[in-house]
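> What follows is a predicted structure for the sequence shown.
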Amino acid sequence: MKIENLNLDKKNNKLSFILKDSTEAFANVIRCFAMDEVPVLAIEEVEFHDNSSALYDEIVAHRLGLMPIKTDLKSYDLPEECSCKGAGCAKCQLKIILKTGKRGIVTASDAQSKDPKCKFVYPDMPVVKLLAKQKLELVATAVLGQGKNHAKYSPGLVFYKHEPSIKFDASKLKNEDKQALVRIDKNVFQLAGNKIKINHEALLQSLNYEACIESLEKLGAQIENINNFVFHVESWGQLDPKQILDTAADMLINRLDELAKLLK
Ligand SMILES: [Zn+2]
């Protein structure tokens, strides 16, 4: 097994890499652990002291629940694994206070987190619009949770596809076919003079990947899946993409250790 890095886009929280000489089962277990097991903070309970906005308490609470919170995995435990046994303590709960009466859009930046390391990721995310004399006052409790229990606890989107091996004789292509290919994705299909070249790396990253493959097949290309997997990790912002994968790998190792102990 080998890994070849393709692209790290820190600003947009994205990471792509190729997992080489592996199996579909292994690729899928990494995907599942990353999306369903890696825990992140999200608001689970909201105590309203005042809400004279146009939105019901339930709607405001639901919105708050979906707003990503920067997560420091070292400082928090899952409530069910905490020493307080789920009663709630500083190790498993984060309080976020939102108290405002200002007219206009209330955004994530109006909220105050008790832990400066763990606050809403996107300060401009809107919560509700207040008119004159309307108020919002609430205390929200965030806890660690896992994507398998609720999508708000998912750290991001992780997906992969097989790397294709493409056998294609472009020399007999008609001019209009070449032009059609270039129109699908000019980064993937590059026309130099009369010859068309496929940029393999651009193809793996292309948003038009399916359309490129389909068109190549129609033009007689032989396409086979090889045992390399092109992974894409897109974080929602609570953890960075590398942290998601590191944590997923640690959790997988722990689970296997547990299995080995039980088998003894
Ligand atoms: Zn606790």
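Alright, I've got the coordinates. These figures come from a predicted structure and were not determined experimentally.

> What parts of the protein come near the ion?
Contacts of the chain with the ion, taken as C-beta under 5 Å from the ion, map to 82, 84, 89, 91-92. For every residue, glycine as well, the C-beta is placed using N, CA and C.

> can you rerun that using 6 Å?
82, 84, 88-89, 91-92 (C-beta under 6 Å from the ion).

> Show me the two of these that sit farthest apart.
Largest separation among those by C-beta to C-beta: Gly88 and Lys91, giving 9.6 Å.

> Export the residues of the chain next to the ion as TSV, with columns for secondary structure, distance to Lys178 and pLDDT.
Shown next, in TSV, are the residues of the chain next to the ion (DSSP: H, G, I helix; E, B strand; the rest coil; distance: C-beta to C-beta, whole Å; pLDDT from 0 to 100):
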residue	secondary structure	distance to Lys178	pLDDT
Cys82	coil	62	94
Cys84	coil	66	93
Gly88	coil	65	91
Cys89	coil	66	94
Lys91	coil	62	95
Cys92	coil	60	95
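
> From these, list just the buried residues.
Neighbour counting with 16 or more other C-beta atoms under 10 Å marks 82, 92 as buried within these.

> The biggest helix by length in the chain packs against which elements?
Under DSSP state H, the helix in the chain containing the largest number of residues is helix 241-263. Using 3 or more C-beta pairs under 8 Å, 6 or more residues apart in numbering; DSSP states H and E, the elements in contact with helix 241-263 are strand 14-20, helix 24-32, strand 156-167, strand 222-235.

> how about the ones you listed in CSV, adding mean neighbour count?
Below are these laid out as CSV (neighbours: other C-beta atoms under 10 Å):
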stretch, mean neighbour count
strand 14-20, 18
helix 24-32, 15
strand 156-167, 17
strand 222-235, 17
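
> possible to save those as JSON lines with mean pLDDT?
Output for these, formatted as JSON lines (pLDDT from 0 to 100):
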{"stretch": "strand 14-20", "mean pLDDT": "93"}
{"stretch": "helix 24-32", "mean pLDDT": "95"}
{"stretch": "strand 156-167", "mean pLDDT": "93"}
{"stretch": "strand 222-235", "mean pLDDT": "92"}
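
> Please produce TSV containing these, extended by distance to Asp77.
Below are the helices and strands packed on helix 241-263 laid out as TSV (distance: least, C-beta to C-beta, whole Å):
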stretch	distance to Asp77
strand 14-20	26
helix 24-32	22
strand 156-167	21
strand 222-235	21
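
> So which residues lie in contact with the longest helix of the chain, not counting its own?
8, 13-15, 29-30, 33-34, 37-38, 73, 155-156, 158, 233-235, 239 (C-beta atoms under 8 Å, 6 or more residues apart in numbering).

> Now that helix: average pLDDT?
For helix 241-263, the mean per-residue pLDDT is 96.

> do you know which of the helices and strands packed on helix 241-263 lies nearest Asp185?
strand 156-167 (14.2 Å).

> Run a quick neighbour tally on the residue of the stretch 101-250 of the chain found nearest the ion.
Of all residues in the stretch 101-250 of the chain, Val143 sits closest to the ion, at 8.9 Å by C-beta to the ion. When neighbours are counted by other C-beta atoms under 10 Å, Val143 registers 22.

> Look at it and give its secondary structure.
strand (DSSP: H, G, I helix; E, B strand; the rest coil).

> does the closest residue to it other than its chain neighbours sit in a helix or strand, and which one?
Leaving out its chain neighbours, the residue that sits closest to Val143 by C-beta to C-beta, 6 or more residues apart in numbering is Glu44, at 4.8 Å. Per DSSP states H and E, Glu44 falls inside strand 40-51.

> That strand packs against which elements?
helix 57-65, strand 136-145.

> So what pairs up with Ile137 in the strands?
Ile isn't right for residue 137; it's Glu. Asp50, Lys99 (DSSP bridges).
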